[in-house]
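> Build the 3D model from these lines:
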Amino acid sequence: MLNSAHQNGKCAEFSTLFSFFNLTRVDGIDGVPTNRNSYNSNRFILIRVMRRALYRLGIMTGILLVLICPAHSALRVGMPIAFPPFSYQGEGDDRVRGYSVDVMETLGGIMDEETRFLVGEPEDLLTALAEDRIDMVCGVVLTESIRQAYDYLEISVFVKRFFYANQAGVDPDRRHHLAGKTVVVVRGQPFMDLGLQREGVNIVQARDILEALRMLDGNQAQLFVGLSEQVVKTLTDEFDLKRVRQAGVTIGQFPLAVIVPKGNTALLKRLSMGLGMAVSDGSLGRVQEKWLGGWSWAFFWIRYRLYVSIFIGIFAAGIGGIILWNQTLKRQVVRITRDLGVSEQRYRDVIESSPDMVFVINGSGEIRLANTSARRKLSWDEATLHCTALPSLAASADRTSVDRFLHQLFADGYAGTEIRLIASTGVNINVEMVAAGIQQGSADEPLACCFARDITRRKRMAVELIQAERLATIGKMAASVAHEINNPVGIVLAHTEELMSGGLSPEEIRNSLDVIRRNAVRAGRITETLLAQASQSPEGTGFAGRMVVDLAGLIEECIHFVRPRLRRIRLQKGLPTGLFPVQGDAGSLQQVFINLLLNAAESIDGEGVIRVWLVNERTGLVPMVSAVVEDSGIGVPEADRERIFEPFFTRGKQRGFGLGLFVARNIVARHGGDIRCEPGTSGGTRMIVRIPQRELEADGAKACDNG
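Residues are numbered from 1 along each chain as shown. Below you'll find the predicted structure:
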């Protein structure tokens, strides 16, 4: 049933939907029979009936005013009755009051709308909302069906729930005290039984607060939960309910719902904006203070003393733990510092005791640290090395290599090279240097650690090994060279005998002497070629005498040297001159290709074919010249194609020491190239030598004379 309520002197515009003359109702509460003897007297019942009659007469008067007053545009708000302090009417009062009423009036003022209220049961209010007789309903409990049927706005409200008991020893904060007890709440006041629906707790509903208090005083219930402390105090004093006493207070939160018709987004948006403004200007807070009161420290302590005590205990334990942790941390710092010192000294000892030279350098190559081995081998003291740049310690011919090494090191984080370092005594030290960046280096000064191993002795042994292989190659060529020398020597001998026999004319004598001279020069050149092959380069394997060499002419000369060994072998060449320049040591490169040609000839039993050609490759960053020597011999098994470059690997050969290809690979590597073995197209072996290409010098000052 809906009642129109006159609010602030304004007339309402709704009609009543219930009978005003039904002055009686069934006493009692749901689930709990009421004994009329529990009331003080029949006189009290008569007074209540008369009050209700006057109350309904006032409501009827308001309805008549609605009928005769002109209609005005206003927000029509439905409010549930008997829900103090949110919405209620005093008996004989035609005004609805409470927190919800003031909130809606505040929102109406912000929205510049007049607010009028209709009170009644929640079901009747929702029916009126569905029939568009009101604009909204405030204070009805949201159920799932309501959420589906209407749009709504929720306002979270924190309220005190006051617990009253009729005996001592009942503590609502201790749930086991409520087991077996009967708890009474007022019908229509939502969320009062929140948290109490548990096994062993009997919850009943009273029609109003007075009835609930009478049940508590008459021991029909042991606990009452309400929202208004002031109302309970007034009723207990007025009706002399001496057994009712306050047992505790809790804070409850529930959503105060403002329900609007489904799809009325415009009104919902205006309400949301108004609510935001009410929160911002503090008007919503003032309404809260007026009806629900502020939170005093006393209440806070009473309600949360257990939690505060726990918090203080945890806080104190935390402070104590922090102090203990701080002391423990200090001890750990001392221990770690000591361990770091020991570890640092250990690593320093490892570096200092290393037989290799160790340098720590920065991005420009300046030495920041040098170990004992570096200082001893270079004959420099620590202070001098600390102010020296690594490139300045290198031989002048190797400084470009050092610059490339430093650039690669700090660009890629790793680099390696072979250079010569100059000691303070002037001694050259051949070193193999590898380096890596230090991850913990300063961002302002990146650092790297370099390890330099003295390979001077190893280089000397390599020179001796190459020389030995060179002599072995000369031995292989001895038979061919002997044949080449025998021809001119035989001619010289024949003409000498003719001269000694006499009887020759002066012209014939002159011709014979000319033939003797030419063949003697020819034999001398062959001997010089042998001596050149046996001689060592000026700087051992350092190839200090490098020059720009026409590789095609160099290979032609090598073919000329070994041609006597190729009598039954057909030779196919693709060696155009002037198109394949490389920079290197001509004698060392001749040793490589003579060895490859002799190996190819030895692999052919009887007749066969040797093909030699050159190709320019420009697929990589550096253009390369590829020299290919392919034979139709017995070939090399796949398992041995890498092993043939190992020292002393002979693969069943009856002659030689197995050093030829090992030395050849080292020579090619020192020229910046590589050598590999592949199967030939006709079943033999294909040897491919790749050397970086160089441009031929225009004036030919450094070019090799291959004629």
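
> longest helix of the protein?
helix 297-353 (DSSP state H).

> next SSE after that helix?
Next helix or strand after helix 297-353 toward the C-terminus (DSSP states H and E): strand 357-362.

> Now do that next one: which elements does it pack against?
Where contact means 3 or more CB pairs under 8 Å, 6 or more residues apart in numbering; DSSP states H and E, strand 357-362 is packed against strand 367-370, helix 372-378, strand 447-454. (Glycine included, C-beta is placed from N, CA and C.)

> Using CSV, list the CA coordinates for the second one.
In CSV, the C-alpha atoms belonging to helix 372-378 read as follows (Å, rounded to 0.1, in the frame of the first residue of the first chain):
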residue,chain,number,x,y,z
THR,A,372,103.8,-9.3,-13.4
SER,A,373,104.4,-11.4,-16.5
ALA,A,374,103.6,-8.4,-18.8
ARG,A,375,105.9,-6.1,-16.8
ARG,A,376,108.7,-8.6,-16.8
LYS,A,377,108.6,-9.6,-20.5
LEU,A,378,108.2,-6.0,-21.7
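
> Buried residues in whatever helix or strand comes next after it, which are they?
Counting by DSSP H and E, the next helix or strand C-terminal to helix 372-378 is helix 382-386. By neighbour count, with 16 or more other CB atoms under 10 Å as the criterion, the buried positions of helix 382-386 are Leu385.

> Give me the average confidence score over helix 382-386.
Helix 382-386 carries an average pLDDT of 81.

> Mind listing what's buried along the following helix or strand past that helix?
Using DSSP H and E, the helix or strand that directly follows helix 382-386 along the chain is helix 390-393. Buried residues in helix 390-393, counted by 16+ other CB under 10 Å: Leu390, Pro391, Leu393.

> could the residues you listed be laid out in JSON lines, adding pLDDT?
Below are the buried residues of helix 390-393 laid out as JSON lines (pLDDT from 0 to 100):
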{"residue": "Leu390", "pLDDT": "88"}
{"residue": "Pro391", "pLDDT": "89"}
{"residue": "Leu393", "pLDDT": "89"}
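
> Among these, which one lies nearest to Leu551?
Distance to Leu551, by CB to CB, is smallest for Pro391 among these, at 32.3 Å.

> didn't that closest one look like it was pressed against Ser401?
No - Pro391 lies out of contact with Ser401 (CB atoms under 8 Å); the separation is 9.6 Å.

> And Phe405, how far from Gly416?
8 Å (CB to CB, to the nearest Å).

> Show me the domain layout of this structure.
Per the record, the chain has its domains at 2-295, 354-451, 455-536, 542-707, by automatic domain parsing.

> residues of stretch 243-257 that come out buried?
Val244, Ala247, Gly248, Phe254, Leu256, Ala257.

> I meant to write stretch 458-467 there.
Those would be Lys459, Ala462, Val463, Leu465, Ile466, Gln467, for stretch 458-467 by 16+ other CB under 10 Å.

> so can I have TSV of the residues you listed showing pLDDT and distance to Ala627?
Output for those, formatted as TSV (pLDDT from 0 to 100; distance: CB to CB, whole Å):
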residue	pLDDT	distance to Ala627
Lys459	79	26
Ala462	74	23
Val463	75	24
Leu465	75	23
Ile466	71	19
Gln467	72	23
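
> Turn those into JSON lines, including secondary structure and distance to Val625.
Formatted as JSON lines, the buried residues of stretch 458-467 follow (DSSP: H, G, I helix; E, B strand; the rest coil; distance: CB to CB, whole Å):
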{"residue": "Lys459", "secondary structure": "helix", "distance to Val625": "26"}
{"residue": "Ala462", "secondary structure": "helix", "distance to Val625": "24"}
{"residue": "Val463", "secondary structure": "helix", "distance to Val625": "26"}
{"residue": "Leu465", "secondary structure": "helix", "distance to Val625": "26"}
{"residue": "Ile466", "secondary structure": "helix", "distance to Val625": "22"}
{"residue": "Gln467", "secondary structure": "helix", "distance to Val625": "26"}
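
> re the thing from before, for Val333, find the nearest of the domains of the chain.
domain 354-451 (19.4 Å).

> how far does the closest one sit from the chain's center?
Distance, stretch centre to chain centre, for domain 354-451: 35 Å (CA atoms, centre = their mean, to the nearest Å).

> ends of it, how far apart?
One end of domain 354-451 to the other measures 10 Å (CA to CA, to the nearest Å).
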